[in-house]
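Visitor: This is the structure alone, sequence omitted:
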């Protein structure tokens, strides 16, 4: 009866109570395997996370990568040197890692370091809330905030891993699987999990694809990417499952082989036609490769399958916005609003779309709503965008007020510093403008605008050295920028080879 | 050397039978300081600066800095990296080692020039000039640049003219023209470039700038010829392509201009002038919707520029989207406080929003900026009439009549003037709305 | 520019040898193809500089991919070249290696002779000083040092012997010894070979007697007759030539073109002084002859020039990248004279006059090139890559350079330009209609809202200003970076002055935090010049593992409130790596 009660609690997803009940039962009959397994399941599911999505590559992994990747990949075959975008950066801003802005924040948009950057440079980039990138992600990769793993259990851990007879349990398939998940998700000990998986898969004579996937997971987490690839591939031969495909895709991305990943997704789509998870994966890869057209195609397919897929809608909206079709973008953002998304970013985007799509009467109220909903992290962006509207209307005082507010909210908001500099320059305040550009440039080395502006300013004032150095940084951030090239050419005359 | 044939047999060593070159008799040979100069220069020309620097440091250590070329080359590399102060120190070192080399002088002076210390740069350049070969043009050129920056334009002119006589390099010509443009001597500038093209016919930059100068003085035919020559030479030279297309556009050849812009857009997709011109080209072809898209792109790329904002206002007025027009014209007015065009358009927009007070003050401003402009005059008069200030309106019409005697006015203006005159004379409340449509397109030439 | 399939796959070149791990470090002028033994089998001779820092220099002689001989070099040879010693008679060529101040001659794969460049007599004053030292019974190195130093100031290092320079660069303790060792020897200044070439004397036959043309650091061109090694002629040019090429017959209209380190370029004809042309816009990387027309030069600023014999510029072509080497490709059977230019990142491009007609793709950038007869093959191209690989390709007999896929490329690309202006949808038309119909309403709502927002913003800004009464722009820019994995960190702060004038030295930085050991806590900033980056380093040790923050205050002496506060969040300490 009590066992049934615990089972019922488990079914109703009251995992904590269930675990408590099991603890109680185990005290009475410590060797009851059924209860033991149930408690294991309960504890596991308490902390279970979707580990496919929750991944962010750490700096250490990226830079100290063991898998050597050819230093000069052909264009379009690598995520580290994405091919040139169709539209220039002048139209769509760039993030720190050199990708165009994505429609929604998702894992791994900040990864893929430029291999040319040095370790020091990478470590120097600040790790604040908005740009945080852990130095190494291994320790905390699958941790959910406030999870049980942080709390020590009274009376010692439930299962003493060091005393576990792995061979014994591996032989019992009914216990082995829950035990594995417990070790993997609850104890975060991939080494023990691997040990168990290796033995279990031997027991079933390498026939159970489930164990292969688990092996792959362990290898992947331990950084043995090539081994993981083998396991996943072998698992896929036996049983096609979306999870396995997604995991293998992750492996390819880690190995920086986006084309292989895309190929795999396409094959996967033959079995699981129009699967949203696979389509999303493809859309993201294309986006990371700066292939907006293809990315849009897949996002549109996703929306047809799942008309409330937030990421796809947001991405499409963003694409239309930067492609001069703000009224279409507006429609997509409205859709998000209908779906119940209610945050500052959305209202901010709505406001901008309204303004550019000539729906002026809604513009201001959207921005006001955005300001109300904004948190400390994103209010600077809202102010920044309002300043744009003010600039369009020619109200430069208000524009600079907005930018000041943006900086007040986030004193590392580089675009605001830059624009403030431009406004100061227009007012003839050369010294202030220079300070602003310099600040913006030192905060956001990856933006070309501040570098270009300070170079331009210095060039006009005859400070050729500063101009020369800044323009090189600008060209570094955006090699195809025509105006920068122009100034650089002029300066090269003075810094010639002779 | 008086004799060409030198006796040098004594020093030659016939090799002994061990067939090796190692048989150098003494270990006392001191390697010459210049031993590695050639390889340093070789690495330098291949842009292998890091290796270069390593070897330079080795050499400097070996001879305790008493070698000239490594110092000199280090200076060049550091300057290339933008570290002018450091490179200046290097050149000073190489000067210390060999004060007889003019190059050391000129490099020190160049460094001072780059650091902005023009006075000292001039001193040293003058000193170097005395030492150097009289056919050396670079010193004169840099002297010219220095004098231009210290505002001693006469001296600058002399030196630059001197430099142009010595070389076929385009730099002194360009600097000289810049100087003439500052002094507003456009005719002289054109002369210089024309001369320059005789000796350097392949310079696209000079040919294009000459075209630009012709355009500035209003000699459209010559300008057109000039751009045509450049494009014949290198068909993808965008700097000549845009003004060329601009000239075609102002002659109403929108399709040709458009195809030129299309080519240009490949290499400079972020140029707001380009998108502005494309927008106005489409406007000329009466494709208003596309024109708006392009102008908006131009405005997005540079929201502070006058031309796109003003043109957007114009197009929106044409399509009857008055609110949009007002918004962009507000921006235009703020960015170009001396543009009567922006104020005129804003006045018209406000009038259509029934904001007659606003329209009046805007047109008043436009009138004060361009008191002779017939479009401003007629529109101002119409608004004043609507505000029931007929006396002032009449005065404006008088001015307009004066203007009419000087230049041929647009038919539309004449018609309107007549109507308004009749209306004012009748002085009754004929409530027929009088509207004028601005049609002058506003093209911005490349900056 | 993309390569059309035709150019690549139906390539005009056959792969003969690709040895990626040959480990050869080579620079232009360091390769030649010679029939050293006279058996009609041409060998490849490569000067291997060992490593980029010039250790372990070897002369390698290869037959195909196999090395058949190797010689270790003591000095650093600047160029190698082969030439014939007799007209039409002896097929075997002689190899000359220009190495420091001597030319090493190899015959029949064997070292044969070493020719030393004539020594330059030392400056009389210098000679005098050393002579006195030699005469003096008692050696006084201090007066010697002073005398030499004064001399150095007076005449400059360029005219002083390396003995003096070495002496001056030595430490005082070992000077005595040095002088003892050298003062008895005669004092000379040693010349260094910078470049070499050959020029035919009087015959156009395949095998013809040639003179060696040698350029020296002292700024001379020497014409050498190998028989008895006489310097036949000597020309003073005043600057060290970096590249020398020759055309024609020296006895006839022969011309030697040369270029210098600062972009000087000019020609020498027999019996005449150097005629200089207009300076190049950048130093030359490589120079070669251009059939009978003149010379071709590639320069550091990625330009490719051709000059006529009279020095008239024939054309200028902008290259896509930095050129590394250039060789001539004479193809008399096709009536062509092509040029091959190795460009960093773009392989080797073949040019017919100014037109780019073919590309040899290479995985790595090619460091040096040589074209000629190798083995039994008439038209081979030897390439050495930056990674040290050896690549030899043979031009197909059927190769036809008249079909040039690149020629029409520009015109094609113009026709398929992607140029799209997004079409306006019905949506936008609806909106336009709405805007037109509700003009005043939209205008009013927007303007009212805008004014409201504006008011709101003004009051907010006012609030900020009250809070930060001393809100003023800092004349300093600080750039902080955290280094380290913890628990020890370093914070590097770059302080940059942004004012026109000097910054007064009244600024100081204070670091504030409770549970971190900070050293130093206060940094006083000195005078900082404009644009100068002053680095300041703070060392931190974190005591516990809670995420920490540190504040850096920028203060001004005599002012209570800090001018600016920078908060840095320290990353969580990494686990110690075992």
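Guide: Arrived safely, thanks for sending. Since the structure is predicted, the reported quantities are computational estimates derived from the model, not experimental observations.
Visitor: what does the average pLDDT come to for stretch A:241-253?
Guide: Averaging pLDDT along stretch A:241-253 gives 85.
Visitor: Just checking the helix or strand harbouring residue B:139 against chain A, any contact.
Guide: Here residue B:139 sits within helix B:138-149, counting by DSSP states H and E. Yes: interface with chain A: helix B:138-149 contributes residue B:149 (C-beta under 8 Å from any C-beta of the partner chain). (Glycine included, C-beta is placed from N, CA and C.)
Visitor: which helices and strands sit right next to that helix?
Guide: Secondary-structure packing of helix B:138-149 (3 or more C-beta pairs under 8 Å, 6 or more residues apart in numbering or on different chains; DSSP states H and E): helix B:102-115, helix B:118-131, helix B:153-166, helix B:170-182.
Visitor: Secondary structure element for the residue in chain B positioned nearest to chain A, which one?
Guide: For chain B and chain A, the shortest gap (C-beta to the nearest C-beta) falls at residue B:334, measuring 2.6 Å. In this structure, residue B:334 sits in helix B:322-335 according to DSSP H and E.
Visitor: Around chain A, which positions in chain B sit nearby?
Guide: So far as C-beta under 8 Å from any C-beta goes, chain B lies against chain A at B:44, B:76, B:79-80, B:82, B:84-85, B:110, B:113-116, B:149, B:171, B:267-271, B:293, B:296-297, B:299-301, B:303-304, B:309, B:321, B:323-324, B:327-328, B:330-335.
Visitor: Any buried residues in the helix holding residue B:139, and which?
Guide: B:138-148 (16 or more other C-beta atoms under 10 Å in any protein chain shown).
Visitor: circling back: ok, now which ones touch the residue of chain B closest to chain A?
Guide: Contact analysis of residue B:334 by C-beta atoms under 8 Å, 6 or more residues apart in numbering or on different chains lists A:393-396.
Visitor: Name the residues that touch the helix holding residue B:139?
Guide: A:462, B:106, B:109-110, B:113, B:118, B:121-122, B:125-126, B:128-129, B:132, B:153, B:155-157, B:159-160, B:162-163, B:166-167, B:169, B:171-172, B:175-176, B:178-179, B:182.
Visitor: cutoff 6 Å now
Guide: The contact list for helix B:138-149, computed with C-beta atoms under 6 Å, 6 or more residues apart in numbering or on different chains, reads A:462, B:113, B:118, B:121-122, B:125, B:128-129, B:155-156, B:159-160, B:162-163, B:171-172, B:175, B:179.
Visitor: so where do the strands sit in chain B?
Guide: B:13-14 (DSSP state E).
Visitor: Domain parsing of it, as residue ranges.
Guide: B:214-267, B:270-370, B:384-437 (automatic domain parsing).
Visitor: most tightly surrounded among the ones you listed?
Guide: domain B:270-370 (a mean of 23; mean count of other C-beta atoms under 10 Å in any protein chain shown).
Visitor: looking only at pLDDT, what's the mean for it?
Guide: For domain B:270-370, the per-residue pLDDT averages 86.
Visitor: what about it, how long is it end to end?
Guide: With C-alpha to C-alpha, to the nearest Å as the measure, the ends of domain B:270-370 fall 33 Å from one another.
Visitor: Same check on stretch C:81-91?
Guide: Stretch C:81-91: ends 16 Å apart by C-alpha to C-alpha.
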